[in-house]
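In: let's see this in three dimensions:
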Amino acid sequence: VLAVGLFAGGAPATEIGGITGGVTENALRQGVFQVASLMNSTGFATADFAQWDQQTRFFLLFVMFVGGSAGSTGGGIKVIRWLIVVKALYRELYTTANPDVVKPVRLGGEVVDEGVIRGIFVFTLLYVLIFALAAVFIELDTARVGEALTGTEAFAASLATIGNIGPGLGPLGPFGSYEFLPNTTKIVMIGLMWIGRLEIVPVLALFVAGIDDR
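Out: Numbering: from 1, shown residues only. As a prediction, this is how the structure comes out:
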């Protein structure tokens, strides 16, 4: 949060209650609000962060990936899943270097079931895969109709829809609109919002439940 505020240090000072805040104070305040808004999927914006510098925009994309807290209505992969992924990756590296050690993954002092860890890895992999494929489609489809988005803007559009976040970057930013996008792209985005809100694994399970794997 502090990092994005510092990156946005070029944001203009604003007047609040007759007192004009300094550039750094304003940048920190704007940065904190935008990060909280994106993580919680509220879609609110107090500044056009789509116009911020490249470092800040990449940080905001990272925030979109992280998502909100478990049990909240926030989108994204969720903080607790990332925490378990990091702990599980560390466990694998540690046990590789120390093969005689049994090291369970713990969260809040409690051992995390291996089935839960496997499910989190499956969810995260599917999330990243679907997001990446959709981002490539969005970039190619908008270029097809002469409304090309940059790679970063297409990635942001895919993240913003699968995470049900709202605003993206560039023309899809908080002061922009999705209206100009081709219908095919909008259909894909509707699918992303649907699968992102209902959770990926249960939705995909509906399509594979009746498939015979013999």
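In: wait, what's in contact with the nearest residue to residue 139 once chain neighbours are set aside?
Out: Among residues not flanking residue 139 along the chain, residue 154 sits closest, at 3.7 Å (C-beta to C-beta, 6 or more residues apart in numbering). For the C-beta atoms, the positions are set from N, CA and C on the backbone; glycine is no exception. Shown in contact with residue 154 (C-beta atoms under 8 Å, 6 or more residues apart in numbering): 135, 136, 138, 139, 142.
In: the last one: what's it in contact with?
Out: Residues in contact with residue 142 (C-beta under 8 Å, 6+ apart) are 148, 149, 154, 181, 182, 185.
In: mind checking pLDDT for it?
Out: If you check residue 142, the pLDDT there is 93.
In: for it, pull up the helix or strand it's in.
Out: For residue 142, the host element (DSSP states H and E) is helix 114-144.
In: report the buried residues of the helix or strand that that helix is followed by.
Out: Counting by DSSP H and E, the next helix or strand C-terminal to helix 114-144 is helix 151-162. For helix 151-162, a neighbour-count test (16 or more other C-beta atoms under 10 Å) marks 152, 153, 154, 155, 156, 157, 158, 159, 160, 161, 162 as buried.
In: helix 151-162 to helix 114-144, inter-axis angle?
Out: 130 degrees (axes from the mean of the first three to the mean of the last three C-alpha atoms, to 10 degrees).
In: centre of the chain to helix 151-162, how far?
Out: Counting by C-alpha atoms, centre = their mean, to the nearest Å, helix 151-162 is centred 9 Å from the centre of its parent chain.
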